[in-house]
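Q: Let's see this in three dimensions:
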Amino acid sequence: MEYHGRKLSGEGITVAVIDSGVDARDPRLTGTTVEGYNIRFGATGHALLGADFHDESGHGTEVAAAVVRMAPHARILAVKIMDAQLKTTADLMAAGIETAYRNGSQVINLSLGTSNMGKALLLRDCCALAAEAGSVIVAAANPKGERAYPADLPEVIGVFAHPECPFEKCWWFNPTTYPASQWKGLSGKYLACGYAFPLSGVTAGRVWRGSGVATAYMSGRVACLRQADPQGPIVEQIREIAHVPEPDAGYR
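A: Predicted coordinates:
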């Protein structure tokens, strides 16, 4: 991406993909440094780290490929918390966030979330610690505006994909300029992302939509912004590249 006249690729930035693992052999990740862990809980309830982060379902690999599409020189830290059926828990999400920031990830991607309010405080504690460590957390929000954690937390950039977006790729802020009935009470905190375009290589001809992949694309953008300005205000910087909706005039 280009920002303030600079072409950015995420060089020097580590993006943690907290998901189902990553297949480092995927051709879309050729030339990308991919390292990682798997996390499970032992009999005593302690989080145990392992070295096997192979993706059994393909979900995490798709997320990593989307990140690299936006930030081709970013390093990927795969944090595997899902099984082959994409099942996980909020406790594993929290352990994944802690593992990510403790291993130097400047950007943490969660293309998933939970509606369990009972786990919101646990996740907020982890996200607050990650933010203190300098990490930016990007998480998938519920596209209908229903609760989703950690996306709804103030320390997190929540991302969703608008199902009616007609553009190939656009980012916009401040969805409250639309009638609340359309947005199900979403606040101006959210970044919305709509996209629809065929990917290249092994996914040629396929079209991707949805909050999970939108989150990955946003994480790639954030990685590029972190390359440009390691300490800068990310939300304000994203506003500079956003398409802002104006119901009477379209997008600008």
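
Q: okay, the longest helix anywhere in the chain in PDB with CA atoms only?
A: Secondary structure assigned by DSSP state H gives helix 211-228 as the longest helix of the chain. Presented in PDB, the C-alpha positions along helix 211-228 are these (Å, rounded to 0.1, in the frame of the first residue of the first chain):
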ATOM      1  CA  SER A 211     -15.900 -10.300   8.500                       C
ATOM      2  CA  GLY A 212     -13.100 -12.800   9.000                       C
ATOM      3  CA  VAL A 213     -11.200 -12.100   5.800                       C
ATOM      4  CA  ALA A 214     -12.000  -8.400   6.100                       C
ATOM      5  CA  THR A 215     -10.300  -8.500   9.400                       C
ATOM      6  CA  ALA A 216      -7.200 -10.100   7.800                       C
ATOM      7  CA  TYR A 217      -7.100  -7.500   5.100                       C
ATOM      8  CA  MET A 218      -7.300  -4.700   7.700                       C
ATOM      9  CA  SER A 219      -4.500  -6.400   9.700                       C
ATOM     10  CA  GLY A 220      -2.300  -6.200   6.700                       C
ATOM     11  CA  ARG A 221      -3.100  -2.500   6.300                       C
ATOM     12  CA  VAL A 222      -2.300  -2.000  10.000                       C
ATOM     13  CA  ALA A 223       1.000  -3.800   9.500                       C
ATOM     14  CA  CYS A 224       2.000  -1.400   6.700                       C
ATOM     15  CA  LEU A 225       1.000   1.600   8.900                       C
ATOM     16  CA  ARG A 226       3.100   0.200  11.700                       C
ATOM     17  CA  GLN A 227       6.000   0.000   9.300                       C
ATOM     18  CA  ALA A 228       5.600   3.600   8.500                       C
END
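
Q: List the buried residues of it.
A: 211-227 (16 or more other Cβ atoms under 10 Å). No exception for glycine: its C-beta is placed from N, CA and C like everyone else's.

Q: Ok, stretch 111-129 next?
A: For stretch 111-129, the neighbour count (16+ other Cβ under 10 Å) marks 111, 112, 113, 114, 119, 120, 122, 123, 124, 126, 127 as buried.

Q: So which residues of the stretch 1-150 of the chain form strands?
A: 2-3, 6-7, 14-19, 34-41, 47-50, 75-80, 107-110, 136-140 (DSSP state E, counting those that start in this stretch).
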